[in-house]
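Student: got a structure for you, letters missing:
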């Protein structure tokens, strides 16, 4: 169970292993993971907002899709997506910044262990898509590293909105030290 999906009110959440509780490793992992999660979320928000403010749209998508055609650095598996991007540039011009903002919001909020893990996987998948299309900016390697940290520390999503909500509701979610 997670804080976000605690099931019934009053249902006990599983305890962490005793070894981790006694040594404080779990708490340190929670804090490091939460910091990585929030940093990745802020970077994603910045990317998405920048695209909205710059008027990112179908022309930008067409530029990316056309740039992948005949580019030897673009892997074969990107070709069908590149064709789809050329067929529906307006949709992708709206969806890409919306995806980035959504990833940012979900990562900053920290809505529990499961949703945070899914969001971090989405972050890595989106970055791999960008790299596949030969689009690379300075933030992408850092975003990948931060997302990998979130994935490596499964309690990264615990310190966030889900944790605050669970504490407020008295569902037994407390930091143990």
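Tutor: Now that the structure is in, tell me what you want to look at. Keep in mind that what you see is a predicted model, and the values were worked out from it rather than measured.

Student: could you use CA atoms for every contact and neighbour count after this?
Tutor: Noted.

Student: which residues of this structure score low on pLDDT?
Tutor: Low-confidence segments of the chain (pLDDT under 70): 1-26, 171-177.

Student: tell me which element the most far-flung residue of the chain relative to its centre is part of?
Tutor: Note on the chain: the largest C-alpha distance from the chain mean falls to residue 70, namely 30.8 Å (CA atoms, centre = their mean). Counting by DSSP states H and E, there is no helix or strand that carries residue 70.

Student: dihedrals phi and psi, it?
Tutor: Dihedral pair for residue 70: phi 80, psi 0, per degrees, to the nearest 10.

Student: begin at 23, not 1, for the rest of this chat.
Tutor: All right, first residue 23 from here; so that's residue 92.

Student: ok, now how distant is residue 186 from residue 75?
Tutor: Residue 186 sits 32 Å away from residue 75, going by CA to CA, to the nearest Å.

Student: okay, these two: which has more neighbours?
Tutor: The residue with more neighbours, out of residue 186 and residue 75, is residue 186; 17 against 8, by other CA atoms under 10 Å.

Student: what's the longest helix in the chain?
Tutor: helix 47-75 (DSSP state H).

Student: which elements pack onto that one?
Tutor: Judged by 3 or more CA pairs under 8 Å, 6 or more residues apart in numbering; DSSP states H and E, helix 47-75 is in contact with helix 111-131, helix 161-174.

Student: and residue 182, which of the ones you listed is closest to it?
Tutor: The closest of these to residue 182 is helix 111-131. By CA to CA, the value is 5.7 Å.

Student: picking that back up, so how far is residue 60 from the residue farthest from the centre of the chain?
Tutor: Distance from residue 92 to residue 60, counting by CA to CA: 38 Å.

Student: repeat that for residue 136.
Tutor: 16 Å.

Student: more neighbours: which of those two?
Tutor: More crowded of residue 136 and residue 60, by other CA under 10 Å: residue 60, with 23 against 20.

Student: so who does that one touch?
Tutor: Neighbour list for residue 60: 129-132 [criterion: CA atoms under 8 Å, 6 or more residues apart in numbering].

Student: okay, the residues you listed in TSV with distance to residue 108 and neighbour count next?
Tutor: Formatted as TSV, the contacts of residue 60 follow (distance: CA to CA, whole Å; neighbours: other CA atoms under 10 Å):
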residue	distance to residue 108	neighbour count
129	30	32
130	32	25
131	34	18
132	35	28
